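Visitor: build me a model from this:
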Amino acid sequence: MKRLFIATKIHPSGTLINTLDQIRTSLHKERIAWTDPMNMHITYHFLGETAPEKIPEILHNIGKVATINQSFNCTIKGFGYFGPAKSPLVLWMGIEDKTQGFNSIHQELKQCAIKSGFMVDERPYRPHLTIGRIKRLNDSELIPELKNKFMNLEIQQFFVDSIGLYESKLSHSGPVYSETGLFLLKNHLS
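Guide: Now for the predicted structure:
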(Lines give C-alpha, C1' and ligand atoms only; values in the text may rest on other atoms or scores of the structure.)
Protein backbone atom coordinates (compact mmCIF):
# COMPACT_ATOMS: atom_id res chain seq x y z
CA MET A 1 0.00 0.00 0.00
CA LYS A 2 1.11 3.55 -0.71
CA ARG A 3 0.07 6.64 1.25
CA LEU A 4 -1.02 9.06 -1.51
CA PHE A 5 -2.31 12.59 -1.90
CA ILE A 6 -3.07 14.93 -4.81
CA ALA A 7 -1.60 18.43 -4.56
CA THR A 8 0.06 21.44 -6.15
CA LYS A 9 3.63 21.99 -4.97
CA ILE A 10 4.64 25.46 -3.77
CA HIS A 11 8.10 26.90 -4.38
CA PRO A 12 8.63 29.25 -1.41
CA SER A 13 9.85 32.80 -2.02
CA GLY A 14 12.23 34.64 0.27
CA THR A 15 9.26 36.55 1.69
CA LEU A 16 7.45 33.32 2.55
CA ILE A 17 10.54 31.88 4.23
CA ASN A 18 11.10 35.14 6.18
CA THR A 19 7.45 35.13 7.33
CA LEU A 20 7.75 31.50 8.42
CA ASP A 21 10.92 32.40 10.36
CA GLN A 22 9.06 35.22 12.16
CA ILE A 23 6.25 32.84 13.14
CA ARG A 24 8.70 30.14 14.27
CA THR A 25 10.65 32.68 16.32
CA SER A 26 7.45 33.88 18.01
CA LEU A 27 6.55 30.27 18.86
CA HIS A 28 10.04 28.97 19.68
CA LYS A 29 8.99 27.80 23.18
CA GLU A 30 6.07 25.77 21.83
CA ARG A 31 6.25 22.17 20.66
CA ILE A 32 5.34 22.31 16.96
CA ALA A 33 6.24 20.00 14.08
CA TRP A 34 7.08 22.54 11.37
CA THR A 35 6.61 21.81 7.68
CA ASP A 36 9.84 21.89 5.69
CA PRO A 37 9.43 24.80 3.22
CA MET A 38 10.68 22.53 0.42
CA ASN A 39 7.75 20.15 1.15
CA MET A 40 5.06 22.83 1.01
CA HIS A 41 2.03 22.07 -1.10
CA ILE A 42 -1.69 22.72 -1.33
CA THR A 43 -3.63 19.48 -1.04
CA TYR A 44 -6.71 18.77 -3.14
CA HIS A 45 -7.34 15.29 -1.72
CA PHE A 46 -5.63 12.96 0.71
CA LEU A 47 -6.25 9.46 -0.66
CA GLY A 48 -4.56 7.59 2.18
CA GLU A 49 -3.34 4.01 1.97
CA THR A 50 -3.84 3.00 -1.65
CA ALA A 51 -3.23 -0.27 -3.48
CA PRO A 52 -0.54 0.15 -6.18
CA GLU A 53 -2.90 -1.24 -8.84
CA LYS A 54 -5.16 1.83 -8.32
CA ILE A 55 -2.38 4.26 -9.29
CA PRO A 56 -2.89 4.10 -13.10
CA GLU A 57 -6.57 4.99 -12.69
CA ILE A 58 -5.70 7.87 -10.33
CA LEU A 59 -3.09 9.19 -12.75
CA HIS A 60 -5.55 8.95 -15.65
CA ASN A 61 -8.13 10.94 -13.67
CA ILE A 62 -5.65 13.65 -12.65
CA GLY A 63 -4.52 13.95 -16.27
CA LYS A 64 -8.13 14.30 -17.41
CA VAL A 65 -8.82 17.04 -14.84
CA ALA A 66 -5.59 18.86 -15.76
CA THR A 67 -6.51 19.03 -19.46
CA ILE A 68 -9.79 20.87 -18.77
CA ASN A 69 -8.52 23.40 -16.19
CA GLN A 70 -6.65 26.62 -16.90
CA SER A 71 -3.50 27.67 -15.08
CA PHE A 72 -4.17 30.52 -12.64
CA ASN A 73 -2.58 33.03 -10.29
CA CYS A 74 -3.19 33.19 -6.57
CA THR A 75 -1.69 34.62 -3.41
CA ILE A 76 -0.55 33.18 -0.09
CA LYS A 77 -2.19 35.58 2.34
CA GLY A 78 -2.76 35.59 6.07
CA PHE A 79 -2.25 33.14 8.89
CA GLY A 80 -4.68 30.97 10.80
CA TYR A 81 -5.27 27.71 12.60
CA PHE A 82 -7.62 24.74 12.68
CA GLY A 83 -9.09 23.75 16.00
CA PRO A 84 -10.21 25.78 19.01
CA ALA A 85 -8.33 29.00 19.82
CA LYS A 86 -7.13 27.65 23.19
CA SER A 87 -5.82 24.39 21.70
CA PRO A 88 -5.31 24.69 17.93
CA LEU A 89 -4.10 21.63 16.03
CA VAL A 90 -2.76 22.94 12.72
CA LEU A 91 -1.16 26.26 11.72
CA TRP A 92 -1.71 27.42 8.15
CA MET A 93 -1.34 30.27 5.69
CA GLY A 94 -4.36 31.16 3.63
CA ILE A 95 -4.77 31.12 -0.14
CA GLU A 96 -6.48 33.96 -1.97
CA ASP A 97 -7.76 32.47 -5.23
CA LYS A 98 -9.96 34.97 -7.05
CA THR A 99 -10.40 32.61 -10.02
CA GLN A 100 -11.68 29.75 -7.80
CA GLY A 101 -9.20 27.51 -9.64
CA PHE A 102 -8.39 25.42 -6.56
CA ASN A 103 -12.07 24.84 -5.83
CA SER A 104 -12.82 23.86 -9.42
CA ILE A 105 -9.96 21.34 -9.52
CA HIS A 106 -10.89 20.04 -6.07
CA GLN A 107 -14.51 19.40 -7.10
CA GLU A 108 -13.55 17.61 -10.32
CA LEU A 109 -10.98 15.44 -8.54
CA LYS A 110 -13.52 14.72 -5.81
CA GLN A 111 -15.97 13.30 -8.36
CA CYS A 112 -13.21 11.13 -9.86
CA ALA A 113 -12.18 9.91 -6.40
CA ILE A 114 -15.77 8.97 -5.50
CA LYS A 115 -16.20 7.07 -8.80
CA SER A 116 -12.95 5.23 -8.06
CA GLY A 117 -14.20 4.16 -4.62
CA PHE A 118 -12.19 6.53 -2.42
CA MET A 119 -13.58 8.10 0.73
CA VAL A 120 -13.51 11.89 0.44
CA ASP A 121 -13.59 14.61 3.04
CA GLU A 122 -17.07 16.15 3.02
CA ARG A 123 -16.07 19.29 4.92
CA PRO A 124 -16.01 22.49 2.85
CA TYR A 125 -12.73 22.76 0.93
CA ARG A 126 -10.43 25.57 2.10
CA PRO A 127 -7.17 25.66 0.17
CA HIS A 128 -4.34 26.42 2.58
CA LEU A 129 -0.65 25.88 3.18
CA THR A 130 -0.02 23.81 6.31
CA ILE A 131 3.01 25.27 8.08
CA GLY A 132 2.97 23.32 11.34
CA ARG A 133 1.19 20.78 13.52
CA ILE A 134 0.97 21.67 17.20
CA LYS A 135 2.12 18.98 19.61
CA ARG A 136 1.91 21.07 22.79
CA LEU A 137 1.08 24.73 23.34
CA ASN A 138 2.13 26.48 26.55
CA ASP A 139 0.90 29.98 25.72
CA SER A 140 -2.41 29.88 23.86
CA GLU A 141 -2.48 33.69 23.55
CA LEU A 142 0.35 33.67 21.01
CA ILE A 143 -1.65 32.08 18.18
CA PRO A 144 -4.47 34.70 18.07
CA GLU A 145 -1.82 37.45 18.31
CA LEU A 146 -0.01 36.02 15.27
CA LYS A 147 -3.30 35.63 13.42
CA ASN A 148 -4.01 39.33 13.94
CA LYS A 149 -0.47 40.34 12.98
CA PHE A 150 -0.47 38.41 9.68
CA MET A 151 -4.22 38.44 8.90
CA ASN A 152 -4.07 40.63 5.78
CA LEU A 153 -0.42 40.21 4.84
CA GLU A 154 0.10 39.21 1.20
CA ILE A 155 3.05 36.86 1.51
CA GLN A 156 3.66 35.39 -1.95
CA GLN A 157 2.01 35.39 -5.35
CA PHE A 158 2.37 32.22 -7.39
CA PHE A 159 1.21 30.63 -10.62
CA VAL A 160 -0.56 27.28 -10.42
CA ASP A 161 0.22 25.32 -13.56
CA SER A 162 0.27 21.68 -12.46
CA ILE A 163 -1.36 18.97 -10.35
CA GLY A 164 0.67 16.12 -8.90
CA LEU A 165 0.16 12.74 -7.29
CA TYR A 166 2.52 12.30 -4.35
CA GLU A 167 3.48 9.48 -2.06
CA SER A 168 4.09 10.29 1.60
CA LYS A 169 6.47 8.13 3.62
CA LEU A 170 6.50 8.88 7.34
CA SER A 171 9.85 9.04 9.12
CA HIS A 172 11.16 10.19 12.51
CA SER A 173 12.35 13.46 10.96
CA GLY A 174 9.01 14.14 9.24
CA PRO A 175 7.26 13.04 6.07
CA VAL A 176 9.19 12.46 2.86
CA TYR A 177 7.25 13.17 -0.32
CA SER A 178 7.95 11.70 -3.73
CA GLU A 179 6.23 12.64 -6.95
CA THR A 180 4.38 9.77 -8.62
CA GLY A 181 2.98 11.80 -11.51
CA LEU A 182 2.74 15.44 -12.57
CA PHE A 183 0.24 16.94 -15.02
CA LEU A 184 0.32 20.43 -16.51
CA LEU A 185 -2.80 22.56 -16.59
CA LYS A 186 -3.94 24.31 -19.77
CA ASN A 187 -1.87 27.40 -20.69
CA HIS A 188 0.98 26.48 -18.37
CA LEU A 189 4.26 28.37 -18.51
CA SER A 190 6.99 26.40 -20.24
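Visitor: and the pLDDT for the spatially most central residue of the chain?
Guide: Nearest to the geometric centre of the chain sits residue 42, at 2.4 Å (Cα atoms, centre = their mean). Residue 42 carries a pLDDT value of 97.
Visitor: and it, helix, strand or coil?
Guide: Assigned by DSSP: H, G, I helix; E, B strand; the rest coil, the conformation of residue 42 is strand.
Visitor: for the protein, which segments count as strands?
Guide: Along the chain, counting by DSSP state E, strands occupy 2-9, 31-34, 41-50, 72-82, 90-96, 128-136, 154-160, 162-169, 176-184.
Visitor: for the shortest one, which outside residues touch it?
Guide: With contacts defined as Cβ atoms under 8 Å, 6 or more residues apart in numbering, strand 31-34 is touched by 20, 24, 91, 131, 132, 133, 134, 135, 136, 137, 174. Placement of C-beta: from N, CA and C, glycine included.
Visitor: let's see that with 7 Å instead.
Guide: 24, 131, 132, 133, 134, 135, 136, 174 (Cβ atoms under 7 Å, 6 or more residues apart in numbering).
Visitor: just to revisit the earlier point, dump the strands of the chain into JSON lines; add distance to residue 148 as well.
Guide: Formatted as JSON lines, these follow (distance: least, Cβ to Cβ, whole Å):
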{"stretch": "strand 2-9", "distance to residue 148": "28"}
{"stretch": "strand 31-34", "distance to residue 148": "19"}
{"stretch": "strand 41-50", "distance to residue 148": "24"}
{"stretch": "strand 72-82", "distance to residue 148": "9"}
{"stretch": "strand 90-96", "distance to residue 148": "14"}
{"stretch": "strand 128-136", "distance to residue 148": "17"}
{"stretch": "strand 154-160", "distance to residue 148": "15"}
{"stretch": "strand 162-169", "distance to residue 148": "32"}
{"stretch": "strand 176-184", "distance to residue 148": "32"}
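Visitor: of these, which is nearest residue 111?
Guide: Nearest to residue 111, of all the strands of the chain, is strand 41-50, at 10.8 Å by Cβ to Cβ.
Visitor: pull out the buried positions in the lowest-mean-pLDDT helix or strand in the chain.
Guide: Across the helices and strands of the chain, mean confidence by mean pLDDT, DSSP states H and E is lowest for helix 142-150: a mean of 92. Within helix 142-150, the residues scored as buried using 16 or more other Cβ atoms under 10 Å are 143, 146, 147, 150.
Visitor: so which of those comes closest to residue 67?
Guide: Ranked by distance to residue 67 (Cβ to Cβ), the buried residues of helix 142-150 are led by residue 150 at 36.3 Å.
Visitor: that closest one and residue 77 touch, don't they?
Guide: No: if you go by Cβ atoms under 7 Å, residue 150 and residue 77 don't touch, sitting 8.8 Å apart.
Visitor: ok, back up a step: how about TSV for the buried residues of helix 142-150, with distance to residue 48 added?
Guide: Shown next, in TSV, are the buried residues of helix 142-150 (distance: Cβ to Cβ, whole Å):
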residue	distance to residue 48
143	28
146	31
147	30
150	31
